[in-house]
Structures are given as structure tokens and as C-alpha cells.
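Participant: need coordinates for the below:
(2 chains)
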Amino acid sequence: MTNWWRFVIAAEIRKILAFRTDFWITFVGQTLIQILIARALWQAIFESAGKEVMEGFTLHMMTLYYLLVPIGSKMLTGENVGFLSREIYDGTFNRYLIYPLSFFQYKTLTYLTYSAFYGLQFILVYFLYLIFQGNGITPSNVINLFLGASLFMIASYAYGMLAMFIELISLWADNIWTLMVMCRFFSFFFGGAYMPLNFFPMWLQEIVQFTPFPYLVSLPIRTTMGLASTIEIATGLGVLIIWAILFRLAASLLWSKGQFRYNGVGI
Amino acid sequence: MIKVENLRKIFESHIKEPGLKGSIKALVKREKKIKEALKSVTLEIKQGEIIGLIGANGAGKTTLVKILAGIVHPTSGTATVLGFKPWERDNEYRKQMCLIMGQKNQVWWDLPALDSFILLKEIYQIPDAIYKKNVEFLADTLMVKDQLKTQVRKLSLGERMKIELMAALLHEPRVIFLDEPTIGLDISAQKAVREFMKNYQREFKPITILTSHYMEDIKELCPRIVIIKEGEFVYDGALSQVQRMMGDEKCLTVTTKEKVFKVNVPRESLAKKTSEIFSANDVLDLNIHDPSIEDIIESIMKNGMKT
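Facilitator: Take a look at the predicted model:
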């Protein structure tokens, strides 16, 4: 086994950097726009409610939450989610069958490279926020950030395996776009990307705990913000790992059956 | 060595009636269509041999290549390439073969070729010295030295094909599957690719299977051809032999006011057929000649082999 994985990561980073305009728009523009919209929206909500704290969130905390959500979501979905089904559809998937490597390993690496890249943005933006707020960077901030970013990486792996499982369904049904959209919507909605889970009714919060979704977005962000307890973090980590293993096994099973159906269309 | 025995492949697809009614009906019930792409074919190719796989669109040649490259599983029958079953995708096998597809890119589109090559070097575990030697040799021979640092998507079609060839041959494969390598290329690029493949075959002696619709590719590169028709091999032998086997035929090229057409006619009925043509058409010109290799293969693909 050589260290080809290092070169896959390097190639993926080169791909990210290949388009300057897109890079700056994604890295800076998108985050700025999202934060401005979220800030204006929640300021209006707080003002109209006449409250300083809502479900345990102040306006500053809510701003930070919505600053971290888009970057965390990008870590989660990367740029490669959706590619596999497209490659199966148009036949470019052939290359992974010809090269002497495991396509699972290759795809996971390319996927996690994007996650790690956005992880850097996550760290940078968080530090900038702390400096901008005048709070300074404390050791506890650094520890929380490290834990939160690590949870996001594991969550990214779990989401990647879930996405791979769904994408492999395209070996049976050519077009799985709707399934991917549903997967993304459920992950983000029940993951707390659209609004913190504290705003959900209690019965729904309890049900959602049995799914992987709250551990994909909400938990890593709350950990980064220092809002999650050690027990919550430890439990969340365990649950994430179990879901990741289950999704990986399900994807392998699907591939072991589906590969007989693949006909390499497009060549 | 490639050994194929009674290889069969059946594809399943669905039929949809045209129009809105057909679309709605297909939502509930779809009719299956079974296509036997390969009908129990048998073939043997020795190390160092290059064969041309010829057939009309949908004849089954790409299916055979896909099975031998390990992309597709066969329905029944066996095939071994260098002692491996291709569809088991053993890494030891994959390190020794390559598939070059004229219509599909395998190198990374957004990266310069050299970046893709570095990645392939690691994937195929090519030693440094061999990698350097091969990049230099291939870039020189294919005349793409100046294009190696440009994003692949910005290269011309011909340059991209050459880069694809380089990428596929960096690891010195012992088995090469070439699927339409000159498709869409201009005449000089076609010539360059053919010349390169000829030299490469002489130097490295891989097993090569070439599928192409361009007879020039076949004539230049393949002393042996296999003609495939509707999933069955109708001829497997020397290219020169085909011409000899069909040697008792003459080809008539007839020019009328409306059209130009060709007819292959057995030598003994030449006089009869010629007079028939004169009486049925307003002939401006008629030329009698030996059929070209293209005519012969076209005739075999249409009518099968003469017994």
C-alpha cells in the first residue's frame, strides 16, 4: 500500500484552487451574504418579540450560530456529494473500476478533503468573529473549536456514507436527484441548520434524537459555541460513529449487489 | 494472453411508448426489453498481438471490451486476461491493463496533465525512474511537451486524446483496450495517434484490442481482425485473408443522375448484373473494380460471411 491517498488529497486541493473567482465567492462572498441575512432576520425577530434571550440564545449567540451553520453545512456536504450518481449515470464512474484502488476509499478521501478545506474556513471565521467581538481567543474557545471541528469531520464522514448509500441507488434507478434533495433537507432541517433545535417542540426534539440528524449540524456547532456538555459530546460522538459504520455497511451491501447492474453507459 | 470462452452478456432495458400517454403508462407499468449484446463468443489473443474489433454500432464490440476491462460482469461464460478474471477487479490485473476511450475523459479535467500523471504514478505505484522516463518518452513521441502544464479542459480534442494516451500508458500496461481512439480527431492527429500506437506496439509488445469505425486505423495497426455482428463473431482471422476470401467478387460503382451506389457482384454474374443495372437506371458512369477492404467488411457486417 503506497501513500497514494496523499496525492488524491493534493489533487483535490488543486481542484478547489483551480477556479479563483469561484473560490473567493464560496470562501468569502457566500458566508458574508448569509450572515447579513441571518443577522437582519433574527434582529427583527428579537425586536418584535421584545426579548433579549430566546430559547437560551441571545442575538449575539444566534449571529454566531448562523455564522457557523453555512460553513459547517459546507463541511458536511462538501462539493462532491451528488457526483457519484452523476458519474454512474454518464459512465465516468468507469475510471474507478479501471484504476487499481478501492473506489470507496478514493471517494471518501476526495469527499473528506473538501470537508477539511471548509474546516479551515470554519476555524478562521470563528477566530475572526472572536477578535471582531473583542472577546479575544481563550484556551476554552480553542478547545471547544477543536472539539466542534472534529465532530464536524466525523459528521461529514457519516453524511458522506449516507450520501454514498443513496447515490448507489442510481444503479437501479437512474435518477436519484429527489432522494438527494430529501436527504439534504432532512439532514439540515432536523440537524438544526435552518433554526436551532431548541425552537422545535419538545416531542419533536425527543424523536429527532433517535436519528443521526442532530449530531450532523447542531451538536458540532453547539460544541464549538461551548453550549454542549461533556456527556452530550461523548454520547453524540458514539452515536455518530455508529451511524457512520451503519451507512458504510449499507453502501457496501448496495454496491455488492448493484455492481452486476452497472453497464458503463457512455463508453 | 486473453482467453474468452462462450461469453454472453444480456442487457435489460425498458421500453416507453412515445407521447404523454406513454409517459403516464410507464409510471405504472414498464415493458422490459432484453438485448443479447454478446452471444456466446470465443476468442484467444496472444501476448504482443494487436487485433481490430470491427462491427456496426450496437454489434457488441464495446460490451466485449467493457467485460475484458472489468467494468461489466458477463451473464455467462468465462474470460481470463493474463490469468485474471477481469470483473473480479484484482489490483494486480488492473495495474497491468489500461482502457482508452475516445469519447470519455479519464484524466482530471480541471487539472493540468502533469498533476493527473503524478496522481496516476502513485495509484499505479510507478517507480520514479520509470515514471520520468515514460513521461519524457511519451511526451516526446506524441509531441505534447508544451501542453503538460495546461488545464486539460483547455486543450484541443487532439491534444486531449494524446494526453489520455499518455495517462493510460504511463504504467507500461501489458494489455491495452483502445475504444475509438481517433474519434473526432482531424486527419493529422489521427495519423499521429496511429503512428504512435504502431511504434508503441513494436516497442512494448502489449496485447491490444482496438475498436474503431475508421478503417484506416484497422488497416494501419491490425494484422488480425474480428468482425462482430449482432453479438456474434462472423470472422476472426487475418485482414489480408478477408480480401482473398471475397476475391471472387467484383465491385460495381454506378453513377446515375440521382445517385452513386456500389454493388458487390459474384464474378460469374457480372455481365448479367451489369446489363440489369443499365436497363433499370439512367447510368452516367459505371466502374468495375476489386472491392476495397472497406467494401468487403461493410458487406460482411451487412450480410455475414460467405460460406
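
Participant: and the residue of the stretch 101-250 of chain B closest to chain A?
Facilitator: Taking C-beta to the nearest C-beta as the measure, the point where the stretch 101-250 of chain B comes nearest chain A is B:Glu122, at 3.8 Å. Backbone N, C-alpha and C define where each C-beta goes, glycine included.

Participant: now that residue: closest residue in space, sequence neighbours ignored.
Facilitator: Nearest residue to B:Glu122, sequence neighbours excluded (C-beta to C-beta, 6 or more residues apart in numbering or on different chains): A:Trp4, at 3.8 Å.

Participant: touching, that neighbour and B:Ile118? I think so.
Facilitator: No - A:Trp4 is beyond contact range of B:Ile118, at 10.3 Å (criterion: C-beta atoms under 8 Å).

Participant: and these two? Which one has more around it.
Facilitator: Neighbour totals were compared for A:Trp4 and B:Ile118, and A:Trp4 leads with 21 against 18 (other C-beta atoms under 10 Å in any protein chain shown).

Participant: next up, the contacts around the more buried one.
Facilitator: Contacts for A:Trp4 (C-beta atoms under 8 Å, 6 or more residues apart in numbering or on different chains) come out as A:Leu101, B:Leu119, B:Glu122, B:Ile123, B:Gln125.

Participant: give me the phi and psi angles of it.
Facilitator: Here is the backbone geometry of A:Trp4 (degrees, to the nearest 10): phi -60, psi -30.

Participant: if I pick the residue of the stretch 101-250 of chain B closest to chain A, what's in contact with it?
Facilitator: Contacts of B:Glu122 were listed using C-beta under 8 Å, 6+ apart, and they are A:Thr2, A:Asn3, A:Trp4, A:Arg6, A:Phe7.

Participant: tell me, how many residues neighbour B:Phe11?
Facilitator: When counting by other C-beta under 10 Å, one arrives at 16 neighbours for B:Phe11.

Participant: quick check: it vs A:Gly91, distance?
Facilitator: As for B:Phe11, its distance to A:Gly91 is 14 Å (criterion: C-beta to C-beta, to the nearest Å).

Participant: same question, B:Ala167
Facilitator: As judged by C-beta to C-beta, B:Ala167 and A:Gly91 stand 17 Å apart.

Participant: the two: who's more crowded?
Facilitator: Shown here are B:Ala167 and A:Gly91; by other C-beta under 10 Å, B:Ala167 has more neighbours (22 against 19).

Participant: one step back: now render the contacts of A:Trp4 as a markdown table, adding distance to B:Lys132 and pLDDT.
Facilitator: Putting these into a markdown table (distance: C-beta to C-beta, whole Å; pLDDT from 0 to 100) gives the following:
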| residue | distance to B:Lys132 | pLDDT |
| --- | --- | --- |
| A:Leu101 | 22 | 87 |
| B:Leu119 | 16 | 88 |
| B:Glu122 | 14 | 89 |
| B:Ile123 | 17 | 90 |
| B:Gln125 | 15 | 90 |
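
Participant: mind listing which of those are in strands?
Facilitator: Using DSSP state E, the subset of those located in strands is empty.

Participant: select only the buried ones of the residues you listed in ChimeraX?
Facilitator: Applied in ChimeraX, the following selects the buried portion of these according to 16 or more other C-beta atoms under 10 Å in any protein chain shown:
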select /A:101 /B:119,122,123
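
Participant: which ones among the contacts of A:Trp4 are found in helices?
Facilitator: Secondary structure from DSSP state H places B:Leu119, B:Glu122, B:Ile123 of the contacts of A:Trp4 in helices.

Participant: centre-most residue in chain A?
Facilitator: In chain A, the centroid-proximal residue (C-alpha atoms, centre = their mean) is A:Leu76; its distance is 1.0 Å.

Participant: quick one: average confidence on the helix or strand that contains that one?
Facilitator: Element membership of A:Leu76, judged by DSSP states H and E, is helix A:59-77. Averaging pLDDT along helix A:59-77 gives 87.

Participant: check stretch B:248-265 too.
Facilitator: Rounded mean pLDDT across stretch B:248-265 is 84.

Participant: then that stretch to PDB, C-alphas only?
Facilitator: Once non-C-alpha atoms are left out, stretch B:248-265 reads as follows in PDB (Å, rounded to 0.1, in the frame of the first residue of the first chain):
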ATOM      1  CA  ASP B 248     -14.300 -13.900 -56.400                       C
ATOM      2  CA  GLU B 249     -16.400 -10.700 -56.200                       C
ATOM      3  CA  LYS B 250     -16.300  -7.600 -58.200                       C
ATOM      4  CA  CYS B 251     -17.500  -4.200 -57.100                       C
ATOM      5  CA  LEU B 252     -19.600  -2.000 -59.400                       C
ATOM      6  CA  THR B 253     -19.700   1.700 -58.700                       C
ATOM      7  CA  VAL B 254     -22.600   3.100 -60.600                       C
ATOM      8  CA  THR B 255     -23.200   6.800 -61.100                       C
ATOM      9  CA  THR B 256     -26.700   7.900 -62.200                       C
ATOM     10  CA  LYS B 257     -28.200  11.300 -62.400                       C
ATOM     11  CA  GLU B 258     -29.700  10.900 -58.900                       C
ATOM     12  CA  LYS B 259     -27.100   9.000 -57.000                       C
ATOM     13  CA  VAL B 260     -23.900   7.000 -56.800                       C
ATOM     14  CA  PHE B 261     -24.100   3.400 -55.400                       C
ATOM     15  CA  LYS B 262     -22.000   0.400 -55.100                       C
ATOM     16  CA  VAL B 263     -22.900  -3.300 -55.600                       C
ATOM     17  CA  ASN B 264     -20.800  -6.300 -54.900                       C
ATOM     18  CA  VAL B 265     -21.400  -9.000 -57.600                       C
END
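
Participant: buried sites along that stretch?
Facilitator: B:Glu249, B:Lys250, B:Cys251, B:Leu252, B:Val254, B:Val263, B:Asn264, B:Val265.

Participant: mind listing the helices in the stretch 151-267 of chain A by residue range?
Facilitator: With helices called from DSSP state H, counting those that start in this stretch, the stretch 151-267 of chain A shows them at A:177-189, A:202-208, A:213-216, A:218-224, A:230-258.

Participant: of the ones you listed, which is nearest B:Lys29?
Facilitator: Checking these against B:Lys29 by C-beta to C-beta gives helix A:177-189 as the closest, at 20.9 Å.

Participant: tell me which parts of chain B are close to chain A?
Facilitator: Counting by C-beta under 8 Å from any C-beta of the partner chain, chain B comes close to chain A at B:11, B:62, B:66, B:69-73, B:89, B:91-92, B:94-95, B:97-99, B:101, B:103-106, B:108, B:110-111, B:115-116, B:118-125, B:151, B:179.

Participant: can you tell me which of those are buried?
Facilitator: Neighbour-count burial within the residues of chain B next to chain A applies to B:11, B:62, B:66, B:69-73, B:89, B:94-95, B:97-99, B:101, B:104-106, B:108, B:110-111, B:115-116, B:118-124, B:179; the criterion is 16+ other C-beta under 10 Å.
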